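1. coordinates only, sequence not included:
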């Protein structure tokens with residue numbers, strides 16, 4: 001399918017999803033055909049989506065990037081979530097050869113020393129495993145929300161991902177954190193206990209801290225960097241010029 005076609009389909013899907021509730025959004029996505037993959041970091045937003053997929057037995061694959069540096073609480077939550085919803089969460093891990101090459105060049109924790117080294121670590125532990133998780137997928141479902149950071153304020157319900165040549169769906173784009181918490185409470189959704197300890201956004205253990213009062217939700221991620229738009233690269237793309245085909 002050409003990029004132009006996918007851009008048009010994403011625009012149509014974005015409009016359709018805007019008027020639906022979460023259950024109907026995910027049902028619509030599940031019925032589009034092709035392979036749909038939801039990548040979860042086991043954060044509170046992602047747990048809401050997993051609950052909907054599991055409770056309604058939707059044909060959407062659930063996958064996580066098991067980077068090798070996750071909090072023990074996150075690892076335990078994977079097992080708990082599988083058990084509660086009777087689903088399989090596929091684990092995608094980095095290649096040991098890539099980890100060894102990174103450590104040889106930067107040091108195991110070299111990501112603290114430079115943005116280049118941190119991006120390289122995310123590339124090894126997240127981006128390459130993500131590529132395997134999404135190989136052959138036509139739809140990528142995420143837990144992105146507009147309220148997570150200024151960098152995500154314009155998140156669409158559906159958009160074309162030029163790097164991976166698929167449609168990316170963000171069914172919680174318009175949900176705020178209060179709605180997320182209410183859903184979790186009303187539906188007994190298991191969540192990471194770190195959320196109660198000041199970690200609204202949880203990634204790899206060495207790269208995540210609790211936030212301070214008044215800080216944005218993602219302020220605890222790569223806190224030693226100054227760039228307010230800091231991301232790992234999963235959800236940031238270069239401007240891509242698409243030629244008609």
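-> In hand now; what should we look at? Since the structure is predicted, the reported quantities are computational estimates derived from the model, not experimental observations.
2. Return the residues in contact with the closest residue to residue 11 other than its chain neighbours.
-> Among residues not flanking residue 11 along the chain, residue 158 sits closest, at 7.8 Å (CB to CB, 6 or more residues apart in numbering). (Glycine included, C-beta is placed from N, CA and C.) Counting by CB atoms under 8 Å, 6 or more residues apart in numbering, residue 158 makes contact with 10, 11, 13, 14, 17, 167, 168, 169, 170.
3. Show me the strands in the protein, by range?
-> For the chain, the strands defined by DSSP state E cover 36-39, 61-65, 89-92, 139-141, 158-161, 166-169.
4. Now do the longest one: which elements does it pack against?
-> Under the contact definition 3 or more CB pairs under 8 Å, 6 or more residues apart in numbering; DSSP states H and E, strand 61-65 sits against strand 36-39, strand 89-92, helix 128-133.
5. okay if I get those as TSV plus distance to residue 193, mean pLDDT and mean neighbour count?
-> Formatted as TSV, these follow (distance: least, CB to CB, whole Å; pLDDT from 0 to 100; neighbours: other CB atoms under 10 Å):
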stretch	distance to residue 193	mean pLDDT	mean neighbour count
strand 36-39	22	98	23
strand 89-92	18	98	16
helix 128-133	25	97	18
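6. The spatially most central residue of the chain and residue 156, how far apart?
-> By CA atoms, centre = their mean, the chain has its centre lying nearest to residue 142, at 4.9 Å. Distance of residue 142 to residue 156, given as CB to CB, to the nearest Å: 11 Å.
7. shared neighbours of these two, which are they?
-> Common contacts of residue 142 and residue 156 (CB under 8 Å, 6+ apart): residue 170.
8. May I see the buried residues of the longest helix anywhere in the chain?
-> Selection of the longest helix in the chain by residue count, based on DSSP state H, yields helix 3-18. By neighbour count on 16 or more other CB atoms under 10 Å, the buried set for helix 3-18 is 6, 9, 10, 13, 14, 17.
9. between those, which is nearest residue 127?
-> Of all these, residue 6 has the smallest distance to residue 127: 20.7 Å, by CB to CB.
10. For this protein, which residues score under the pLDDT cut-off?
-> Scanning the chain for pLDDT under 70 picks out the ranges 227-245.
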